[in-house]
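K.L.:
can't give you the sequence, but here's the structure:
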């Protein structure tokens, strides 16, 4: 069963265990896609409903599923934490950059490692470095945690570290929260997750000496980052209410909401 977060007219968020709903039920707005955008979209959806009274739903199924849902006409707006591929654009899909977010590389709090270079991260994930002791850590075999194929977080991470089709994952998990939980429970694990979702149960490493902060994401010095995009159909008009949400999310009115969710607005 898929989880759908619904923002009611009163502005409350309710997690519902429902099957994927069709777009434009009643006069509401439906969105689907990236699990990494849950905090951001939840904040935008709640504020939008509070201001307009228009119901809003978000189905966190992953970037690939959100893109497919737009293509199939099952949702108003898709949510992706990766840029569209050329073949997806060729199918008539369009992306609008909403924000950027750091992808944090996380380890267990008991791991003494605090900083890695992009090259070391790539060597770890491709199996060239297999034990933490090789880079100054504990004498433990490294356990590689990653996201499932089609994940925007995985696409961003692998593109920047240049490790596509080379990673030696021990586990491929289906959400940001699952990655954080897995790393928090294993002292030898390493994973990657949306920076906004990182909590005290894991430790976010600096990369080449740069922390994954908002400022470092905005100025580009933290290099492991990815886009958050809204996906629509080229040449196909949104419903009136979906267009209202789209305009709200991409306006200056959403600036502080995006920042408070841990992302950096595209036009900051």
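P.N.:
Thanks, I have it. Keep in mind the model is a prediction, meaning the values are calculated, not measured. Numbering: from 1, shown residues only.
K.L.:
only C-alpha atoms for contact and neighbour calcs from this point on.
P.N.:
Fine.
K.L.:
what about the residue nearest the centre of the chain, distance to residue 127?
P.N.:
By CA atoms, centre = their mean, the mean C-alpha position of the chain lies nearest to residue 36, the distance being 2.6 Å. Residue 36 sits 26 Å away from residue 127, going by CA to CA, to the nearest Å.
K.L.:
shouldn't the residue nearest to the centre of the chain be within a helix?
P.N.:
Yes - judged by DSSP: H, G, I helix; E, B strand; the rest coil, residue 36 forms part of a helix.
K.L.:
wait, doesn't it sit right on residue 82?
P.N.:
No - if you go by CA atoms under 8 Å, residue 36 and residue 82 don't touch, sitting 10.6 Å apart.
K.L.:
shared neighbours, the two?
P.N.:
residue 153 (CA atoms under 8 Å, 6 or more residues apart in numbering).
K.L.:
just to revisit the earlier point, quick one: contacts for the residue nearest to the centre of the chain?
P.N.:
Residue 36 touches 81, 153, 175-176, 193-194, 197, counting by CA under 8 Å, 6+ apart.
K.L.:
go again using 6 Å as the cut-off
P.N.:
residue 194 (CA atoms under 6 Å, 6 or more residues apart in numbering).
K.L.:
buried set for stretch 182-202?
P.N.:
Using 16 or more other CA atoms under 10 Å as the burial criterion, the residues of stretch 182-202 that qualify are 182-184, 186-198, 202.
K.L.:
now what about it, what contacts it?
P.N.:
Contact with stretch 182-202 is made by 36, 102-110, 142-146, 176, 262, as judged by CA under 6 Å, 6+ apart.
K.L.:
show the end-to-end separation of that stretch, please.
P.N.:
Where stretch 182-202 begins and where it ends lie 10 Å apart, using CA to CA.
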